[in-house]
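# Quick one, structure for this:
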Amino acid sequence: MNSFRPSGFSMLTPVVKNLLVLNIVCFIITCFFERFGYDISNDLGLHYVKSPSFRPVQFVSYMFMHANLEHIFFNMLALWMFGHTLEQYWGSKKFLVYYLATGIGAGIMQVLVAYIHLQTFVISDEMWDMVITQGDDLLRSGRNWIDDTLGSVNAIVNGSTVGASGAVFGLLMAFGMMFPEAQIYIYFAIPVKAKWFVIIYGLIELFSGIRNSAGDNTAHFAHLGGMIFGYILIKYWQKNGSRF
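Model (predicted):
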(Lines give C-alpha, C1' and ligand atoms only; values in the text may rest on other atoms or scores of the structure.)
Protein backbone atom coordinates (compact mmCIF):
# COMPACT_ATOMS: atom_id res chain seq x y z
CA MET A 1 0.00 0.00 0.00
CA ASN A 2 1.26 3.47 -0.86
CA SER A 3 1.68 5.92 1.94
CA PHE A 4 2.19 9.66 2.00
CA ARG A 5 4.23 11.19 4.77
CA PRO A 6 5.99 14.53 4.15
CA SER A 7 9.72 13.95 4.20
CA GLY A 8 11.27 17.37 3.89
CA PHE A 9 11.11 20.77 2.27
CA SER A 10 13.93 19.68 -0.05
CA MET A 11 11.19 17.99 -2.10
CA LEU A 12 10.13 21.22 -3.79
CA THR A 13 9.11 21.10 -7.44
CA PRO A 14 9.45 24.33 -9.50
CA VAL A 15 5.83 25.53 -9.52
CA VAL A 16 5.23 24.64 -5.87
CA LYS A 17 8.42 26.47 -4.91
CA ASN A 18 7.42 29.59 -6.86
CA LEU A 19 3.89 29.53 -5.46
CA LEU A 20 5.25 29.28 -1.92
CA VAL A 21 7.64 32.18 -2.51
CA LEU A 22 4.96 34.33 -4.17
CA ASN A 23 2.44 33.76 -1.37
CA ILE A 24 5.00 34.49 1.33
CA VAL A 25 6.22 37.65 -0.42
CA CYS A 26 2.63 38.87 -0.84
CA PHE A 27 1.99 38.22 2.85
CA ILE A 28 5.08 40.19 3.86
CA ILE A 29 4.04 43.09 1.62
CA THR A 30 0.54 42.99 3.11
CA CYS A 31 1.96 43.16 6.64
CA PHE A 32 4.24 46.03 5.62
CA PHE A 33 1.35 48.12 4.28
CA GLU A 34 -0.76 47.32 7.35
CA ARG A 35 1.86 49.01 9.52
CA PHE A 36 0.95 52.22 7.70
CA GLY A 37 -2.79 51.65 8.01
CA TYR A 38 -3.42 50.43 4.47
CA ASP A 39 -5.08 47.06 3.83
CA ILE A 40 -3.84 45.94 0.41
CA SER A 41 -5.73 42.66 0.73
CA ASN A 42 -8.97 44.62 0.50
CA ASP A 43 -7.95 45.72 -3.00
CA LEU A 44 -6.67 42.35 -4.16
CA GLY A 45 -9.15 40.16 -2.26
CA LEU A 46 -12.22 38.89 -4.12
CA HIS A 47 -15.32 41.10 -3.86
CA TYR A 48 -18.88 40.49 -4.96
CA VAL A 49 -19.33 41.49 -8.61
CA LYS A 50 -21.58 44.48 -7.78
CA SER A 51 -19.22 45.91 -5.19
CA PRO A 52 -17.48 49.12 -6.30
CA SER A 53 -14.20 47.45 -5.29
CA PHE A 54 -14.68 44.44 -7.58
CA ARG A 55 -12.12 43.89 -10.33
CA PRO A 56 -12.01 40.77 -12.57
CA VAL A 57 -8.32 40.25 -11.74
CA GLN A 58 -9.38 39.53 -8.15
CA PHE A 59 -10.41 36.00 -9.23
CA VAL A 60 -6.65 35.35 -9.40
CA SER A 61 -5.13 37.87 -6.99
CA TYR A 62 -7.27 36.77 -4.01
CA MET A 63 -5.44 33.43 -3.98
CA PHE A 64 -2.21 35.16 -2.95
CA MET A 65 -3.66 37.22 -0.10
CA HIS A 66 -3.97 35.81 3.44
CA ALA A 67 -5.63 37.11 6.57
CA ASN A 68 -2.99 36.17 9.15
CA LEU A 69 0.04 33.99 9.86
CA GLU A 70 -2.02 30.92 10.77
CA HIS A 71 -4.01 31.23 7.55
CA ILE A 72 -0.98 31.29 5.26
CA PHE A 73 0.93 28.67 7.28
CA PHE A 74 -1.67 25.94 6.92
CA ASN A 75 -2.40 26.76 3.27
CA MET A 76 1.27 26.65 2.37
CA LEU A 77 1.77 23.46 4.37
CA ALA A 78 -1.00 21.77 2.38
CA LEU A 79 0.38 23.18 -0.89
CA TRP A 80 3.74 21.63 -0.09
CA MET A 81 2.31 18.34 1.14
CA PHE A 82 0.09 17.61 -1.87
CA GLY A 83 1.49 19.92 -4.52
CA HIS A 84 4.94 18.46 -5.03
CA THR A 85 3.56 14.93 -5.54
CA LEU A 86 0.96 16.11 -8.06
CA GLU A 87 3.45 18.30 -9.93
CA GLN A 88 5.85 15.37 -10.22
CA TYR A 89 3.01 13.21 -11.53
CA TRP A 90 1.41 15.68 -13.96
CA GLY A 91 4.31 17.91 -14.86
CA SER A 92 4.68 21.59 -14.03
CA LYS A 93 2.48 23.04 -16.80
CA LYS A 94 -0.55 20.87 -16.10
CA PHE A 95 -0.15 21.32 -12.36
CA LEU A 96 -0.12 25.12 -12.67
CA VAL A 97 -3.19 25.06 -14.93
CA TYR A 98 -5.00 22.88 -12.41
CA TYR A 99 -3.99 25.01 -9.42
CA LEU A 100 -5.14 28.28 -11.01
CA ALA A 101 -8.32 26.74 -12.46
CA THR A 102 -9.46 25.36 -9.11
CA GLY A 103 -8.61 28.63 -7.37
CA ILE A 104 -10.63 30.60 -9.92
CA GLY A 105 -13.41 28.01 -9.69
CA ALA A 106 -13.49 28.44 -5.92
CA GLY A 107 -13.85 32.20 -6.42
CA ILE A 108 -16.73 31.70 -8.85
CA MET A 109 -18.45 29.44 -6.34
CA GLN A 110 -17.98 32.05 -3.60
CA VAL A 111 -19.60 34.75 -5.75
CA LEU A 112 -22.45 32.43 -6.75
CA VAL A 113 -23.20 31.53 -3.13
CA ALA A 114 -23.07 35.23 -2.21
CA TYR A 115 -25.67 35.94 -4.91
CA ILE A 116 -27.94 33.17 -3.57
CA HIS A 117 -27.46 34.42 -0.01
CA LEU A 118 -28.40 37.97 -0.99
CA GLN A 119 -31.73 36.73 -2.36
CA THR A 120 -32.77 35.80 1.19
CA PHE A 121 -32.74 39.47 2.28
CA VAL A 122 -35.55 41.92 1.65
CA ILE A 123 -34.14 45.44 1.31
CA SER A 124 -35.39 48.61 -0.33
CA ASP A 125 -33.75 50.30 -3.30
CA GLU A 126 -32.65 53.06 -0.95
CA MET A 127 -30.87 50.55 1.33
CA TRP A 128 -29.22 48.90 -1.66
CA ASP A 129 -27.95 52.27 -2.90
CA MET A 130 -26.50 52.91 0.57
CA VAL A 131 -24.63 49.59 0.42
CA ILE A 132 -23.22 50.34 -3.03
CA THR A 133 -22.28 53.97 -2.42
CA GLN A 134 -21.27 53.95 1.25
CA GLY A 135 -20.74 50.36 2.36
CA ASP A 136 -17.26 49.82 0.99
CA ASP A 137 -15.83 52.90 2.67
CA LEU A 138 -17.58 51.92 5.90
CA LEU A 139 -15.96 48.47 5.97
CA ARG A 140 -12.55 49.88 5.07
CA SER A 141 -12.77 52.06 8.17
CA GLY A 142 -13.52 48.99 10.29
CA ARG A 143 -17.19 49.78 10.81
CA ASN A 144 -20.57 48.57 9.60
CA TRP A 145 -24.23 49.44 10.03
CA ILE A 146 -25.89 48.45 13.29
CA ASP A 147 -29.03 47.31 11.46
CA ASP A 148 -28.69 43.52 11.11
CA THR A 149 -30.04 43.31 7.56
CA LEU A 150 -28.12 46.28 6.23
CA GLY A 151 -24.94 45.18 7.96
CA SER A 152 -25.23 41.60 6.69
CA VAL A 153 -25.88 42.68 3.10
CA ASN A 154 -22.97 45.09 3.26
CA ALA A 155 -20.62 42.39 4.57
CA ILE A 156 -21.59 40.09 1.69
CA VAL A 157 -21.36 42.75 -1.03
CA ASN A 158 -18.31 44.70 0.10
CA GLY A 159 -16.44 42.17 2.21
CA SER A 160 -13.48 40.43 0.59
CA THR A 161 -12.45 36.78 0.32
CA VAL A 162 -8.74 35.96 0.56
CA GLY A 163 -6.56 32.88 0.63
CA ALA A 164 -5.30 29.93 -1.39
CA SER A 165 -7.69 27.53 0.36
CA GLY A 166 -9.89 26.98 -2.70
CA ALA A 167 -6.92 25.89 -4.82
CA VAL A 168 -5.55 23.85 -1.91
CA PHE A 169 -8.84 21.97 -1.60
CA GLY A 170 -8.59 21.37 -5.34
CA LEU A 171 -5.19 19.76 -4.73
CA LEU A 172 -6.70 17.65 -1.98
CA MET A 173 -9.38 16.41 -4.38
CA ALA A 174 -6.75 15.62 -7.01
CA PHE A 175 -4.59 13.71 -4.56
CA GLY A 176 -7.58 11.68 -3.42
CA MET A 177 -8.51 10.84 -7.01
CA MET A 178 -4.98 10.09 -8.20
CA PHE A 179 -3.83 8.16 -5.14
CA PRO A 180 -7.01 6.96 -3.38
CA GLU A 181 -5.28 4.20 -1.40
CA ALA A 182 -2.36 6.35 -0.27
CA GLN A 183 -2.26 7.15 3.41
CA ILE A 184 -2.27 10.76 4.53
CA TYR A 185 -0.71 11.21 7.94
CA ILE A 186 -2.82 13.69 9.91
CA TYR A 187 -0.62 15.63 12.32
CA PHE A 188 2.20 13.55 10.80
CA ALA A 189 1.03 10.58 12.90
CA ILE A 190 -2.54 9.37 12.24
CA PRO A 191 -2.89 7.45 8.92
CA VAL A 192 -6.06 7.90 6.84
CA LYS A 193 -6.58 6.72 3.26
CA ALA A 194 -6.67 9.67 0.87
CA LYS A 195 -10.10 8.80 -0.56
CA TRP A 196 -11.70 8.80 2.90
CA PHE A 197 -9.87 11.95 3.93
CA VAL A 198 -11.26 13.80 0.90
CA ILE A 199 -14.82 12.55 1.46
CA ILE A 200 -14.82 13.36 5.17
CA TYR A 201 -13.29 16.81 4.66
CA GLY A 202 -15.76 17.58 1.86
CA LEU A 203 -18.72 16.63 4.06
CA ILE A 204 -17.38 18.76 6.91
CA GLU A 205 -17.11 21.77 4.61
CA LEU A 206 -20.62 21.18 3.23
CA PHE A 207 -22.09 20.91 6.73
CA SER A 208 -20.19 23.97 7.94
CA GLY A 209 -21.29 26.01 4.93
CA ILE A 210 -24.95 25.09 5.34
CA ARG A 211 -24.86 25.71 9.10
CA ASN A 212 -23.40 29.19 8.53
CA SER A 213 -22.57 29.75 12.20
CA ALA A 214 -22.40 33.32 13.48
CA GLY A 215 -18.84 34.60 13.51
CA ASP A 216 -17.61 31.92 11.08
CA ASN A 217 -15.68 33.84 8.43
CA THR A 218 -14.40 30.73 6.61
CA ALA A 219 -15.44 30.50 2.95
CA HIS A 220 -16.62 26.89 3.15
CA PHE A 221 -18.40 26.94 -0.20
CA ALA A 222 -15.28 28.32 -1.87
CA HIS A 223 -13.42 25.27 -0.54
CA LEU A 224 -16.12 23.04 -2.00
CA GLY A 225 -15.90 25.00 -5.24
CA GLY A 226 -12.19 24.19 -5.50
CA MET A 227 -12.96 20.51 -5.00
CA ILE A 228 -15.85 20.50 -7.50
CA PHE A 229 -13.94 22.32 -10.22
CA GLY A 230 -10.96 20.03 -9.60
CA TYR A 231 -13.13 16.94 -10.00
CA ILE A 232 -14.65 18.27 -13.23
CA LEU A 233 -11.26 19.21 -14.69
CA ILE A 234 -9.72 15.83 -13.88
CA LYS A 235 -12.67 14.00 -15.41
CA TYR A 236 -12.38 16.20 -18.50
CA TRP A 237 -8.69 15.39 -18.86
CA GLN A 238 -9.35 11.70 -18.39
CA LYS A 239 -12.12 11.71 -20.99
CA ASN A 240 -9.89 13.46 -23.50
CA GLY A 241 -6.99 11.09 -23.02
CA SER A 242 -4.65 13.30 -21.01
CA ARG A 243 -1.91 11.43 -19.21
CA PHE A 244 -2.85 10.08 -15.78
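# quick one: I190 from F32, how far?
I190 sits at a distance of 38 Å from F32 (criterion: C-beta to C-beta, to the nearest Å). C-betas here are computed from N, CA, C, even on glycine.
# helices or strands next to the longest helix belonging to the chain in the packing?
Secondary structure of the chain per DSSP state H: the longest helix is helix 92-118. Counting contacts by 3 or more C-beta pairs under 8 Å, 6 or more residues apart in numbering; DSSP states H and E, the secondary-structure elements packed against helix 92-118 are helix 14-34, helix 58-61, helix 69-90, helix 148-158, helix 165-178, helix 220-239.
# Now that helix: buried residues?
By 16 or more other C-beta atoms under 10 Å, the buried positions in helix 92-118 come out as 94-96, 98-111, 113-114, 118.
# Equivalent analysis for stretch 146-159, please.
Neighbour-count burial for stretch 146-159, counted by 16+ other C-beta under 10 Å, picks out 150-159.
# what residues are up against the nearest residue to G105 once chain neighbours are set aside?
Leaving out its chain neighbours, the residue that sits closest to G105 by C-beta to C-beta, 6 or more residues apart in numbering is F229, at 2.8 Å. Contact analysis of F229 by C-beta atoms under 8 Å, 6 or more residues apart in numbering lists 101-102, 104-106, 108-109, 170.
# Can you tell me which of the residues you listed comes closest to A222?
The shortest distance between A222 and any of the contacts of F229, using C-beta to C-beta, involves A106 and amounts to 4.3 Å.
# ok, that closest one to G166 distance?
Going from A106 to G166 by C-beta to C-beta gives 2 Å.
# Return every residue with contacts to both of those two.
219, 222-223, 225-226.
# Could you export those to a markdown table, including columns for distance to L69 and neighbour count?
Below are those laid out as a markdown table (distance: C-beta to C-beta, whole Å; neighbours: other C-beta atoms under 10 Å):
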| residue | distance to L69 | neighbour count |
| --- | --- | --- |
| A219 | 18 | 25 |
| A222 | 20 | 29 |
| H223 | 20 | 28 |
| G225 | 25 | 27 |
| G226 | 22 | 33 |
